[in-house]
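> below are the sequence and a predicted model; questions follow.
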Amino acid sequence: MFERVRNFLNRHRRKFIVTGVIFGSFYLLMNYAQKKLREWQEREAKRFFEMTRKKQHFESTERTCNQTILSLSKIVSESILSVLNTEEIVQKLQDNPDNKLALWEQMKIMIFTRICVLVYALSILQVTLRVQLNIIGGYLYRDSVHEEEPLIDSELQAKYLSLCHHFVGQGVEDLAKQIEKTVKRAVEPVSLKKKVTLQEVEQMFWSIQTILCTDTNDGDPVKKMVHYLVGHAEINEAKFDTIVKETMDVLESDEVTSVAMSTVSHSFSSIVDEIANLFASKWVPTNKNHLEVSEEHVVTNGALKLNENANQFVDVNKVDMHFVKLLPVVNELITKNTCKGNTNIPDLLTQQLTLNDKLKLLGANIYEVFSDT
């Protein structure tokens, strides 16, 4: 019997060998596949965890960024309204002085300067802060991943974020002086007695923006963001020097410059929309202390009557208004108290810039680059 079994095995030896090889290979292949599957699952779980962690960190950075921007925007707006204070001129005009025409000319320049400085200052502040906070956020994420010596310590972080303090103070004053010279070129020739349309007001803002873009003496404020941020910084440390140079490269990039210019143009459009509401109104309501003038520059109180028929539709493109009558209500748009339901241009610009999709995308792209491990 054993002889027959042995003969059977000898006759089919090759079949058994091939079958064994096949099953052995299949077993090894299954083990290999299971091992690779476990490795893939571990990698995917790790990648998912890292993505979730990174997303949460970015969202935290974004919240910090928005809070910082809102806080500093308030300070910058107050600084601008303090530097370009129209209240003193308003008080003098209410006394009906002999030099009221000269005061109105001064008021005209100051109101347009106020608006333009707000547009440029808040746009520059938003862009530079988003760049800074997303660069620092990216570095902090990398530090949280690596267990080596941190790239950014708390002292360096505080020093880096304090760079914007110069712009909030002296930078705003320098910007105001530059823009005031430009406003005089664009607005001074317009007579106070002239009846202006909404398109003419828009053209004034467009002229100011164009002149600033081509300013060969002082330079375009948008392209001077690096100067406002690090122009007066003392750099005496290697790590600080590295992060400042990286920030300068980002701020001088075409992408950031393009986004900044876009925010400036969008802000001017929003202001023109607010002024359009003045032209669209049949009556411009005023309070007891509201400053109003007649065509002869006589100070009065009351309301500016644009149309006697309250139910008649007003096409803002066909309405005109004496320039001198438009100035007080435009000035009121800048200083109104929003808690009473009124529009406040500084707060309006800050809100729109904070929600701007281009600025958010810019911040996300910068964070992604600097958080790449």
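Thanks, I have the structure now.

> report pLDDT for His232.
His232 carries a pLDDT value of 71.

> show the contacting residues for it.
Contacts for His232 (Cβ atoms under 8 Å, 6 or more residues apart in numbering) come out as His166, Gln170. Where C-beta positions appear, they are placed from N, C-alpha and C, glycine not excepted.

> neighbours of Thr263, how many?
Neighbourhood size, Thr263 [other Cβ atoms under 10 Å]: 25.

> work out for me the element the nearest residue to it once chain neighbours are set aside sits within.
Of all residues not flanking Thr263 in the chain, Ser123 sits nearest, at 4.4 Å (Cβ to Cβ, 6 or more residues apart in numbering). Per DSSP states H and E: Ser123 is located in helix 100-145.

> the bottom helix or strand of this protein by mean pLDDT?
Ranked by mean pLDDT, DSSP states H and E, the weakest helix or strand in the chain is strand 299-300, scoring a mean of 36.

> helix or strand right after the helix or strand where Leu327 lies?
Element membership of Leu327 [criterion: DSSP H and E] is helix 323-335. Following helix 323-335 in sequence order, the next helix or strand is helix 345-354 (DSSP H and E).

> elements contacting that following helix?
helix 13-83, helix 100-145, helix 254-280, helix 323-335 (3 or more Cβ pairs under 8 Å, 6 or more residues apart in numbering; DSSP states H and E).

> buried residues, stretch 85-94. List them.
By 16 or more other Cβ atoms under 10 Å, the buried positions in stretch 85-94 come out as Thr86, Ile89, Val90, Lys92, Leu93.

> for the residue nearest the centre of the chain, give me its contacts.
When Cα atoms, centre = their mean is applied to the chain, the residue found nearest the centroid is Gln126 (3.5 Å). Residues counted as contacts of Gln126 (Cβ under 8 Å, 6+ apart) are Ile69, Ser73, Thr263, Leu353, Thr354, Asn356, Leu359.

> where does pLDDT dip in the stretch 251-373 of the chain?
When residues are selected by pLDDT under 70, those of the stretch 251-373 of the chain lie in 282-315, 336-343, 373.

> residue ranges in the stretch 1-150 of the chain under the pLDDT threshold?
Applying pLDDT under 70 to the stretch 1-150 of the chain flags the ranges 1-18, 20-21, 23, 41, 44, 48-49, 147-149.

> what distance do you get for the nearest residue to Val316 once chain neighbours are set aside to Val324?
Nearest residue to Val316, sequence neighbours excluded (Cβ to Cβ, 6+ apart): Phe279, at 4.3 Å. Distance, Phe279 to Val324, using Cβ to Cβ, to the nearest Å: 15 Å.

> before we move on, what about Gln106?
Gln106 is 13 Å from Val324, by Cβ to Cβ.

> more neighbours: which of these two?
Val324 (23 against 15).

> ok, the residue nearest to Thr263 to Gln106 distance?
26 Å.

> thought Leu122 was touching Val76?
Yes. The criterion here is Cβ atoms under 8 Å, and Leu122 meets it with Val76 at 6.5 Å.

> what kind of secondary structure is Met321 in?
strand (DSSP: H, G, I helix; E, B strand; the rest coil).

> you'd agree it is up against Lys194?
No. With contacts counted by Cβ under 8 Å, Met321 stays clear of Lys194, the gap being 9.9 Å.

> please identify the most buried of the helices and strands packed on helix 345-354.
When these are scored by mean count of other Cβ atoms under 10 Å, the highest mean neighbour count falls to helix 100-145 (a mean of 22).

> coming back round to it: if you compare the directions of the helix holding Ser123 and helix 13-83, what angle comes out?
Orientation of helix 100-145 against helix 13-83 (axes from the mean of the first three to the mean of the last three Cα atoms, to 10 degrees) gives an angle of 150 degrees.

> any idea how far Gln106 lies from Asn217?
23 Å.

> pLDDT wise, what is Thr216 at?
What the model reports as pLDDT for Thr216 is 79.

> neighbours of it, how many?
The local packing of Thr216 (other Cβ under 10 Å) involves 6 other residues.

> just say helix, strand or coil for it.
Going by three-state DSSP: Thr216 is coil.

> also the one 10 residues further on?
On the three-state scheme (three-state DSSP), Val226 is labelled helix.

> contacting residues around it?
Here Val226 is in contact with Met248, Leu251, Glu252 (criterion: Cβ under 8 Å, 6+ apart).

> repeat for Ile115
Ile115 sits next to Phe205, Ile271, Val330, Ile334, Ile345 when contact means Cβ under 8 Å, 6+ apart.

> I figured the fourth one hits Leu81, correct?
Spelled out, that is Ile334. Yes. Using Cβ under 8 Å, Ile334 is in contact with Leu81, at 7.1 Å.

> list residues touching both of those two?
Common contacts of Ile334 and Leu81 (Cβ under 8 Å, 6+ apart): Arg114, Pro346.
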